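**Q** Prediction below, plus the sequence it came from.
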Amino acid sequence: MVNLNRWLLSTAWLVLISVSLAQEPLTTTRSIRELSVTDRERHLPVKLEAVVTYYHPAWGVLFVYNGGDGVCVGVSEQIRPSRPFTVGTLLQVEGTTGPGEFLPVVLPSRLEAKGVRVLPPYQRVTFEELFSPAMDCRPVEVLAVVKGTSFSDESLVVDIEVEGHMIRAISPQNELLKQLPWQLVERRVRVRGVAGTHFNDQRQMSGRLLFVAGLGGFALNEESKPVEQAPLVSVDGLLRVDSPLRQRVRVKGTATHVMNGRGLYLRGEGGSMLVQTAQPTTLMRGDEVEVEGYAVVTPFRPSLSALDIKKTGTVAEPKPIPFEPAKTRHSREQCELITLDAEFLEHVKSQDTEALICRSEGQIFEAQLSPNLRIQEELVPQMKLRLTGICEFISTRPLVIPRNATGFRLILRSADDIVILQRNPWWSEQRARWILGSLIVLALTVGAWAITLQIVVRSQSSVIRQQAEQQGTLEERQRIARDLHDTLEQELVGVTMLLDDTTRRLSGTQSPANQPLNLARRLLRRAREESRTTIRELRSVTLEKRGLPAAMEELLRQLITTNETQLTVTIGGTPSRLAGVRETQLLRIAQEAVANAAHHASAKHIRVTLDYLPDHVKLSIQDDGCGFDPKATTALEGHFGLSGMNERAAKIGSQLQIHSELTEGTHVEVMAKRIKFQGNS
């Protein structure tokens with residue numbers, strides 16, 4: 001059950017205890033184990049009495065047994081007892097089921113001790129039976145040989161060999177030790193505990209371990225032998241061809257690195273080696289020691305599983321041996337205290353380890369930092385370092401011998417093992433890349449700015465050109481208006497005077513020329529009015545600059561010559577510019593209609609409405625004048641304004657609507673389709 005402690009701490013068990021009271025609670029561990037995959041997710045109520053077979057107070061892992069089977073109970077910190085549960089305690093457990101990560105579990109809301117019961121029988125199993133997945137949470141007994149001990153994660157970890165296979169037994173570390181665990185090394189024992197499981201996130205078993213309540217779960221299974229003086233062996237004399245099996249030996253040397261709860265590295269005659277032990281020690285680097293124990297097969301060089309460690313003296317701290325990574329590896333370098341110069345590449349941190357990635361003589365290696373080691377100065381890539389530490393070979397080849405080692409790692413002991421030989425020059429590869437990147441970004445920025453500037457300049461040039469064209473157009477319009485006023489208007493006045501004089505001379509006669517002459521006078525009068533209107537429009541820039549609504553306000557009011565006529569201009573909708581032809585034609589239609597209402601219909605009120613609809617613009621002119629009969633009015637009778645308005649409406653694809661009756665006023669209406677304004681179009 002790897003990382004079981006973290007799983008228990010992260011389980012939101014408080015949310016899961018709200019279950020239906022109508023559901024019948026489960027009362028046996030077997031009924032919980034037999035839940036279907038669907039039922040595991042339902043958080044069914046549990047109320048059972050069971051015997052404690054294992055409890056780890058630091059992890060909150062509790063195994064209970066009843067009904068012929070066992071189950072795991074995840075005890076949250078909120079309900080953990082002040083005094084740990086002991087094996088054999090009868091507990092009443094109330095709570096709900098949880099899906100678990102291998103078998104279903106119990107998430108308790110209440111735990112109550114009910115006394116003590118006899119422990120269930122421990123089933124003697126072989127290695128094959130032990131690794132049956134269904135054995136999880138059941139009390140078992142195996143025959144094993146103890147191979148090593150250590151302390152880790154608030155637990156005593158005992159490595160045992162079962163029928164030639166290595167597994168681990170875990171006991172709470174806070175138990176009062178009645179015997180020293182390292183004294184069990186290489187002893188044959190009967191181990192009683194609860195079968196635990198390593199699993200993955202798909203509920204598959206990936207390994208086996210034993211949860212053992214304490215050292216009382218390890219019982220010797222061999223006769224005690226008289227303790228004889230163990231022979232003294234050199235480091236390079238362990239596990240040679242002539243070495244007897246399970247020989248108890250002594251090795252002398254000097255400590256080069258001490259790891260509490262794990263062991264120490266020792267330099268002795270013939271090389272260096274790892275000494276494994278959970279024995280608490282006050283040894284320091286430079287202490288001379290004598291270690292008694294059993295040789296253990298480990299890659300590249302045997303290690304020693306220690307039964308006893310004695311300090312025999314103190315010498316100067318051992319000097320590291322120079323190390324050349326590019327050369328062929330030799331067994332004397334395994335577990336040896338070495339030193340080498342290297343280039344720092346990267347600082348790597350994970351949840352459990354911290355290391356420096358370095359390069360020396362083309363070889364990339366990892367320098368592991370010991371727990372609680374803090375680097376005094378921040379390291380920067382490409383720094384040159386001198387590193388000192390314990391060397392361990394790495395190999396990915398099937399034949400694990402020193403000359404086949406494909407790499408190595410360094411175990412750093414303290415901050416003094418890191419010496420900075422050369423700090424980075426200011427001009428480094430990293431800074432060069434940074435400056436090059438900055439220059440590229442700057443160049444791209446300048447290029448983008450230049451392109452943007454070109455676009456802005458083109459846009460401004462276009463605006464200036466349009467403004468210049470507009471200004472030229474306005475000046476030309478003013479010139480044409482002056483020329484029209486000074487030439488055409490004056491000439492029309494002269495012709496009018498001649499026609500008036502001719503009319504006076506023919507007055508009183510019955511000449512056939514009277515009717516054409518009167519028609520000519522009316523045509524001439526119409527031409528003069530059109531010319532005046534054209535001159536006013538040419539001189540006015542309102543239509544160009546402010547649009548049709550403003551032009552109507554300005555130009556239509558100029559047609560009202562008496563105070564007796566009131567003009568109202570109303571704009572509806574959201575005004576927007578139309579194509580120039582449309583605005584001009586609508587303005588001229590409005591001028592003609594207002595002029596007719598003011599000068600010929602004697603209207604008192606004239607209302608002009610300009611409505612901006614989604615697709616069209618509607619122009620409406622309504623007056624309260626004398627009105628006329630549109631069907632009876634023709635150009636031959638001198639009514640040229642109506643025909644002009646019809647022609648202007650046709651030019652913009654529309655039709656003029658005129659509604660008028662005698663004494664009832666006139667209503668003129670025209671609809672123009674909205675077409676987007678394009679400058680001076």
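**A** That came in fine, so what should we check first? Numbering: from 1, shown residues only.
**Q** need the strands for the stretch 51-200 of the chain, in chain order.
**A** 61-66, 69-74, 89-98, 105-116, 123-124, 139-152, 155-162, 165-172, 188-199 (DSSP state E, counting those that start in this stretch).
**Q** now do the stretch 201-350 of the chain
**A** 205-211, 218-220, 248-259, 263-268, 271-276, 287-296, 303-314, 321-322, 337-349.
**Q** for the stretch 201-350 of the chain, which spans come out with low pLDDT?
**A** The stretch 201-350 of the chain contains residues with pLDDT under 70 at 224-227.
**Q** Skipping adjacent residues, who's closest to Arg248 in space?
**A** Ala230 (4.5 Å; CB to CB, 6 or more residues apart in numbering). Using the backbone N, CA and C atoms, a C-beta is placed for each residue, glycine as well.
**Q** Now do the one you found against Val380, distance only.
**A** 51 Å (CB to CB, to the nearest Å).
**Q** So which of those two has more stuff around it?
**A** Higher neighbour count among Ala230 and Val380: Ala230, with 17 against 13, using other CB atoms under 10 Å.
**Q** I figured the more buried one hits Arg246, correct?
**A** No - judged on CB atoms under 8 Å, Ala230 makes no contact with Arg246 at a distance of 11.8 Å.
**Q** in stretch 96-114, what's buried?
**A** Across stretch 96-114, burial judged by 16 or more other CB atoms under 10 Å covers 96-109, 111.
**Q** just those residues now: which is nearest Arg42?
**A** Each of the buried residues of stretch 96-114 was checked against Arg42 using CB to CB; the closest is Thr97, at 7.5 Å.
**Q** Tell me what that closest one is bridged to.
**A** Val106 (DSSP bridges).
**Q** and what of Cys391?
**A** Leu410.
**Q** Listing request: residues of the stretch 451-600 of the chain with sub-threshold pLDDT.
**A** Using pLDDT under 70, the flagged stretches of the stretch 451-600 of the chain are 466-501, 503-544, 579-580.
**Q** quick one: contacts for the spatially most central residue of the chain?
**A** In the chain, the residue lying closest to the centroid (CA atoms, centre = their mean) is Ser350, at 20.7 Å. Ser350 makes contact with no residue, according to CB atoms under 8 Å, 6 or more residues apart in numbering.
**Q** and what of Thr86?
**A** Thr86 sits next to 52, 55 when contact means CB under 8 Å, 6+ apart.
**Q** how near is it to Ala219?
**A** 18 Å.
**Q** now swap in Leu369 and tell me
**A** Leu369 is 41 Å from Ala219, by CB to CB.
**Q** When those two are compared, which one has more neighbours?
**A** Neighbours per residue (other CB under 10 Å) separate Leu369 from Ala219, with Leu369 holding more: 23 against 11.
**Q** For the more buried one, grab phi and psi.
**A** Main-chain torsions, Leu369, degrees, to the nearest 10: phi -90, psi 130.
**Q** For it, which residues count as its bridge partners?
**A** Applying DSSP bridges to Leu369, the residues it is bridged with are Leu412.
**Q** does it really touch Leu356, like I thought?
**A** Yes - look at Leu369 against Leu356 with CB under 8 Å: they come within range, at 7.2 Å.
**Q** joint contacts of those two?
**A** In contact with both Leu369 and Leu356: Leu412, using CB under 8 Å, 6+ apart.
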